[in-house]
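Engineer: Model the structure of this input:
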Amino acid sequence: MKTAAADGDAALTGVGAHDGARGFDARRASLSRLWRLKWGLAAAALLLLIVASAALAPWLASYDPLAVDIQHRLVPPVWMDGGTPRHPLGTDQIGRDLLTRLLYGGRVSLIVGVTAVLVSATMGVLTGLAAGYFGPRVDWLIMALVNVMLSFPFVLLALAVIAVLGPSLVNMIIVLAVADWPLYVRVIRAETLAICERDFVTAGRALGMSHARIVFRQIVPNLVSVIVVIATLQVARVIILESFLSFLGLGVQPPTPAWGNMLGEGRVYMLNSWWIAAFPGLAIFVTTLAINLMGNGLRDWLDPHMKL
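Structural biologist: Numbering: from 1, shown residues only. All right, here's what the predicted structure looks like:
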């Protein structure tokens, strides 16, 4: 009897040890995965700080972003000779506080980036679904349009649209959205073609489900991770393009602050007052780098192969 009881205790101990080992391995795998995503998490925290600073600009800024103070023009940053704590990052060529304009300019750049991506993603996803689901004729027509769009240089497209509609924030968002949607079409079309070959889509068609139900209840849920990753990475690209257009004078018009037009205004003063252009350029660099790192981390997080 003692032998049987001892064997039972040993078996239970073995099972408990095995479960404990599995739990330890799972925790170690989770920690290892988080460590691989450390740059994405750090970038997400930095991006959250940037977004919060831009959103709270009216409360964080000490000055009106449009207020002119000629008596304090071209004041250097606080750590340089002639700098003052009243203007930590200095002032521009007409005495406007640079830190204030950076905060307000971040609001414009982020709003343009997110809005343009939402519009282009909506257009591109719907068009890509149609191309991949509704057969060769629709596919050929849509992809022909996409190829035509991709053949236009971005600057030429921007000049044409803005020459007709005029430079403004809304028109710039239209230009960026129109230039960006073909990327979504190509990716979503390819993914949709692959998903349409799977058994659950075939079963849905055999059961007489409507096209809308198959597309939005069976196909779209399998595309969410792809759409999220592409859209996140595209925000960084759109912010750079917005800054480029504003730099050329085709985007946000002065005196409204935007990182691109601040960079354009400061290029004349690069030799003597470098901070006017350097800080907007640094803001663009840090923001786009944070978005790209977060997008890469998000891609790895949603990748099923990374969950091992």
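Engineer: Helices of the chain, residue ranges please.
Structural biologist: Per DSSP state H, the chain carries helices over the ranges 2-36, 38-55, 57-60, 98-133, 136-151, 154-165, 169-195, 199-206, 211-213, 224-248, 259-266, 275-302.
Engineer: What about Gly83, how many residues nearby?
Structural biologist: A count of nearby residues for Gly83, using other CB atoms under 10 Å, gives 17. Yep, even glycine has a C-beta here, placed from its N, CA and C like the rest.
Engineer: Leu110 against Ala54, yeah?
Structural biologist: Yes. Counting by CB atoms under 8 Å, Leu110 sits close enough to Ala54 to count as a contact (5.6 Å).
Engineer: hmm, back to that, to Asp69, which of the helices of the chain lies closest?
Structural biologist: helix 98-133 (11.5 Å; CB to CB).
Engineer: where in the stretch 201-308 of the chain is pLDDT low?
Structural biologist: 303-308 (pLDDT under 70).
Engineer: which residues touch stretch 128-136?
Structural biologist: With contact meaning CB atoms under 8 Å, 6 or more residues apart in numbering, stretch 128-136 is reached by 138-139, 142-143, 184-193, 195-196, 211, 214-215, 219-220.
Engineer: Could you do stretch 144-164 as well?
Structural biologist: Against stretch 144-164 from outside (CB under 8 Å, 6+ apart): 127, 171-172, 174-175, 178-179, 181-182, 185-186, 241, 245, 250.
Engineer: number of nearby residues for Ser156?
Structural biologist: One thing to correct before we go on: residue 156 is Leu, not Ser. 9.
Engineer: so how far is Asn171 from it?
Structural biologist: 16 Å (CB to CB, to the nearest Å).
Engineer: ok, now Gly128?
Structural biologist: For Gly128 relative to Asn171 (CB to CB), the value is 25 Å.
Engineer: go on, Asp64?
Structural biologist: For Asp64, the distance to Asn171 - CB to CB - is 26 Å.
Engineer: neighbour-wise, which of the two wins?
Structural biologist: The residue with more neighbours, out of Asp64 and Asn171, is Asn171; 18 against 13, by other CB under 10 Å.
Engineer: In contact with the more buried one, which residues?
Structural biologist: Contacts of Asn171 were listed using CB under 8 Å, 6+ apart, and they are Val161, Ile162, Leu165.
Engineer: how about a cut-off of 6 Å?
Structural biologist: By CB atoms under 6 Å, 6 or more residues apart in numbering, the residues touching Asn171 are Ile162, Leu165.
Engineer: Now stretch 113-127: average pLDDT?
Structural biologist: The average pLDDT for stretch 113-127 rounds to 93.
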